[in-house]
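Undergrad: Everything below, folded, please.
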Amino acid sequence: MRIRREHLTKIVATLGPGTSSPEKIDALFRAGVDVFRLNFSHGAYEEHKKRLDAIREVENETGRPIAVMMDLQGPKLRVGQFGDGPIDLATGDHFRLDLTDKAGDQSRIQLPHPEIFAALETGAELLLDDGRVKLRVTECGKEFADTEVVVGGPLSDRKGVNVPGVVLPLSPLTKKDRADMEFGLEAGVDWCALSFVQRPEDIEEAKILVRDRALVLAKLEKPAAIDRLDGIVELADGIMVARGDLGVEMPPEDVPILQRRIVRACRRAGKPVVVATQMLDSMVERPVPTRAEATDVANAVYEGADAVMLSAETAVGKYPVEAVEMMNRIINRVQKDDAYWKNLASERPEPEATTPDAISAAVQQIGSTIDAKAIATYTTSGSTTLRVARQRPEMPVICLTPRTDTARRMAIVWGVHSCRAPDARSMEDMIETAVHQARIDEFVETDDRIVITAGLPFGTPGKTNILRIARIRPKDELHEVSGF
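TA: Okay, the predicted model is just below:
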């Protein structure tokens, strides 16, 4: 069977206890999922492997490449345990955090992270329990921090700690993450999402370990990462706007502005960008979203994000398939709005002064002028497809690649319809293969036109240098071809 998506902005769905069966995974895919996320903060390796195997079975049955993203947990900063149960902190109280390995009380608690104390300065703020409790440092040393409670509230064992505005001397990869990464890469994931990214060097560290076995996606959830945004975008293969954690460490009113800034930076660089967290959160419990949630998803689509992500909605929610269907409906509705296309066109990035960029920009312009029904891109690494998708053309982008891993990786990219296809051996072969794929996937009919781009010599990564226009003729006739 053939499955052709109507939505151009892709859908990422997280698998969990409620969506681990092959039947559920198949239903989610048919509802519109392009990328499945495996959250390595939860679950055993055996569970993740079963889910991945089920995804690949759906891929085999449908003939559609499906991307699998592993999301690493990253370092989790937490306080210790209290001796007599939870406490209540009041505004103005004095409270100490230290390395002492003993139960906490009303005046102190262990914080078993010396790297935090090494980075703290007087006046720094600490957020506990997702920001519900706020402390300000009044005095600190290598093994302690005396604080004043700015926002009080209850505090219990093992609550999380955030340190906004401070670059912590921590690798984003813990011992657990390194083991998880190796397992996931051996199992065959396509994207590796890196948590707790603070600087470009974090991406370099991850890429050394990944060794081209997958693409690296940087999760932006720390204010420090925003300060180094351009460098992180340059080194990462993709970006996730992790709005939940950003919203803890930054004022909520800043998050929409940062989301837009990150999406624009990724569009300029031609890197896929995923908007995540609480998009249809009420659908964890209800069969329909709030109007505000529908607007939130629509706004991410209007901004030109490559993908939008569902987390708890599909991992543990009561209505996982309905959540995917709703997201699909919102995306498709936005795509019918003329304002959507005008906005994408107004923010189309300027091509660099290179032959591949010039060809990719020309593909979009020519396709629009002649009302082409699709753009076919031949690619080995995915770079040609990414360049064309960066232009946000008005027609779908067919990614033709001989590599299974490239076809899967491109499934996260805006507007891309990935296909496994043998590399072209000649110009005639290139035209025939592209037309054949466009026809069997029902993008074109007789007399329609498609634009085709590739690189010579065929199979050479990064060599986008030719463009052809083909008018589809009946199967027993030669296609009309022109171009340069």
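
Undergrad: Where does the prediction get shaky in the protein?
TA: The chain contains residues with pLDDT under 70 at 1-2, 462, 476-484.

Undergrad: biggest helix in it, by residue count?
TA: Ranked by residue count and defined by DSSP state H, the top helix of the chain is helix 45-62.

Undergrad: centre of the chain versus it, how much separation?
TA: Helix 45-62 has its C-alpha centroid displaced from the chain centroid by 20 Å (CA atoms, centre = their mean, to the nearest Å).

Undergrad: How is this structure divided into domains?
TA: Described in terms of automatic domain parsing, the domain architecture of the chain consists of the residue ranges 10-74+172-336, 87-162, 355-483.

Undergrad: what's the span of the longest one, first residue to last?
TA: What that stands for is domain 10-74+172-336. 16 Å (CA to CA, to the nearest Å).

Undergrad: Please enumerate the helices of the stretch 101-250 of the chain.
TA: Counting by DSSP state H, counting those that start in this stretch, the stretch 101-250 of the chain has helices at residues 114-119, 175-187, 200-210, 223-227, 229-235, 243-249.

Undergrad: Grab the most central residue of the protein for me.
TA: Val274 (3.5 Å; CA atoms, centre = their mean).

Undergrad: Can you give me the neighbour number for Gln110?
TA: 19 (other CB atoms under 10 Å). For glycine as for every other residue, the C-beta is placed from the backbone atoms N, C-alpha and C.

Undergrad: Enumerate every residue touching it.
TA: Neighbouring residues of Gln110 by CB atoms under 8 Å, 6 or more residues apart in numbering: Val79, Gly80, Gln81, Leu97, Asp98, Leu99, Thr100, Asp101, Lys102, Gly104.

Undergrad: give me the beta-bridge partners of it?
TA: Asp98 (DSSP bridges).

Undergrad: returning to what we had before: just list what the helix or strand harbouring the residue nearest to the centre of the chain packs against, helices and strands only.
TA: When elements are assigned from DSSP states H and E, Val274 belongs to strand 273-276. Secondary structure elements in contact with strand 273-276, counted by 3 or more CB pairs under 8 Å, 6 or more residues apart in numbering; DSSP states H and E, are strand 238-242, helix 243-249, helix 255-269, strand 307-310.

Undergrad: I'd like those written out as TSV, with distance to Ala374 and mean neighbour count added.
TA: Putting those into TSV (distance: least, CB to CB, whole Å; neighbours: other CB atoms under 10 Å) gives the following:
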stretch	distance to Ala374	mean neighbour count
strand 238-242	24	26
helix 243-249	33	20
helix 255-269	21	18
strand 307-310	20	27
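
Undergrad: how about a markdown table for these, with distance to Val151 added?
TA: A markdown table is the format used below for these (distance: least, CB to CB, whole Å):
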| stretch | distance to Val151 |
| --- | --- |
| strand 238-242 | 23 |
| helix 243-249 | 13 |
| helix 255-269 | 19 |
| strand 307-310 | 30 |
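
Undergrad: that older thread, next secondary structure after the strand holding Val274?
TA: Next along the chain after strand 273-276, taking DSSP H and E as the criterion, comes helix 291-303.

Undergrad: Just the buried residues of that following helix, please?
TA: By neighbour count, and taking 16 or more other CB atoms under 10 Å as the criterion, the buried residues in helix 291-303 are Glu293, Ala294, Asp296, Val297, Ala298, Asn299, Ala300, Val301, Tyr302, Glu303.

Undergrad: what's the answer for stretch 404-413, then?
TA: Residues of stretch 404-413 classed as buried: Asp405, Thr406, Ala407, Arg408, Arg409, Met410, Ala411, Ile412, Val413 (neighbour count, 16+ other CB under 10 Å).

Undergrad: Need the three-state assignment for the first one.
TA: Think Asp405. Taken by DSSP: H, G, I helix; E, B strand; the rest coil, the conformation at Asp405 corresponds to helix.

Undergrad: residues in contact with it?
TA: Asp190.

Undergrad: I figured Ile239 hits Leu220, correct?
TA: Yes: because the distance of 6.2 Å satisfies CB atoms under 8 Å, Ile239 is recorded as touching Leu220.

Undergrad: Now for the two: what residues contact both?
TA: The contact lists of Ile239 and Leu220 share Ile232, Ile262, where a contact means CB under 8 Å, 6+ apart.

Undergrad: Show me what counts as buried in stretch 84-100.
TA: Taking 16+ other CB under 10 Å as the basis for neighbour counts, the residues of stretch 84-100 that come out buried are Ile87, Leu89, Phe95, Arg96, Leu97, Asp98, Thr100.
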